[in-house]
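Peer 1: Below: sequence and its predicted model.
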Amino acid sequence: MWAARLGAAATFVVAAVPKADDLVGFAEDIRNYQAFPDWSLYAIAAIVPMLELVGAAALLSTRERWVRAGGVVLGGLTLAFIALIASVIGRGIDLDCGCFGKQAEAEAVGWPTLLRDVALLGAIAVAMVPVRAAKPSPPSP
């Protein structure tokens, strides 16, 4: 579970930091998806990286309730990303992802991006599985 938690959390931190550092650029990336009204772009650009960072921190917590909450936040974001990517593929829009900000190598949105996010959703689901302390076995007679 820890490997899934660490991997998912690291992915979201690596994605959030460059976006938070360039909110205007991230808002432009969001505009390119042609899915949101212009008045909402800057709010979305400000909120998404913060949710990614808070969700990643919660996923790494040792408190089961926080891990679940972080998983729900990151899982919800990932489901939204999957829907958005599927929408772009379905509408035939050619654009760069913007998933990791402008500082990363631009990646065209397509089936590999969609499959990566589905795998990330799987890692989040695994990360949310509670780690229960093993009960000691009764002594042998």
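Peer 2: Structure's in. What do you need? All values reported here derive from a predicted model rather than from experimental measurement.

Peer 1: Look at Asp29 and report its pLDDT.
Peer 2: pLDDT recorded at Asp29 is 90.

Peer 1: so what's the closest residue to it other than its chain neighbours up against?
Peer 2: Once flanking residues are discounted, Asp29 sits nearest to Gly98: 2.8 Å by Cβ to Cβ, 6 or more residues apart in numbering. Glycine gets a C-beta too; all of them are placed from N, C-alpha and C. For Gly98, the contacting residues are Lys19, Phe26, Asp29, Ile30, Asn32, by Cβ atoms under 8 Å, 6 or more residues apart in numbering.

Peer 1: are any of the residues you listed buried, and which?
Peer 2: Buried subset of those (neighbour count, 16 or more other Cβ atoms under 10 Å): Lys19, Phe26, Asp29, Ile30.

Peer 1: quick one: which of these sit in helices?
Peer 2: Lys19, Phe26, Asp29, Ile30 (DSSP state H).

Peer 1: how about the residues you listed in CSV, adding distance to Met1?
Peer 2: Putting these into CSV (distance: Cβ to Cβ, whole Å) gives the following:
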residue, distance to Met1
Lys19, 27
Phe26, 31
Asp29, 32
Ile30, 32
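
Peer 1: In this protein, where's the longest helix?
Peer 2: For the chain, the longest helix by residue count, based on DSSP H, is helix 64-91.

Peer 1: so where is this structure shaky, pLDDT-wise?
Peer 2: Within the chain, the segments meeting pLDDT under 70 span 102-106, 131-141.

Peer 1: Okay, and Val14 sits in which element?
Peer 2: According to DSSP states H and E, Val14 maps onto helix 2-21.

Peer 1: helices or strands next to that helix in the packing?
Peer 2: Where contact means 3 or more Cβ pairs under 8 Å, 6 or more residues apart in numbering; DSSP states H and E, helix 2-21 is packed against helix 41-59, helix 64-91, helix 111-127.

Peer 1: Could you export those helices to JSON lines, including columns for mean neighbour count and distance to Val13?
Peer 2: What follows is the helices and strands packed on helix 2-21, written out as JSON lines (neighbours: other Cβ atoms under 10 Å; distance: least, Cβ to Cβ, whole Å):
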{"stretch": "helix 41-59", "mean neighbour count": "18", "distance to Val13": "5"}
{"stretch": "helix 64-91", "mean neighbour count": "17", "distance to Val13": "11"}
{"stretch": "helix 111-127", "mean neighbour count": "17", "distance to Val13": "13"}
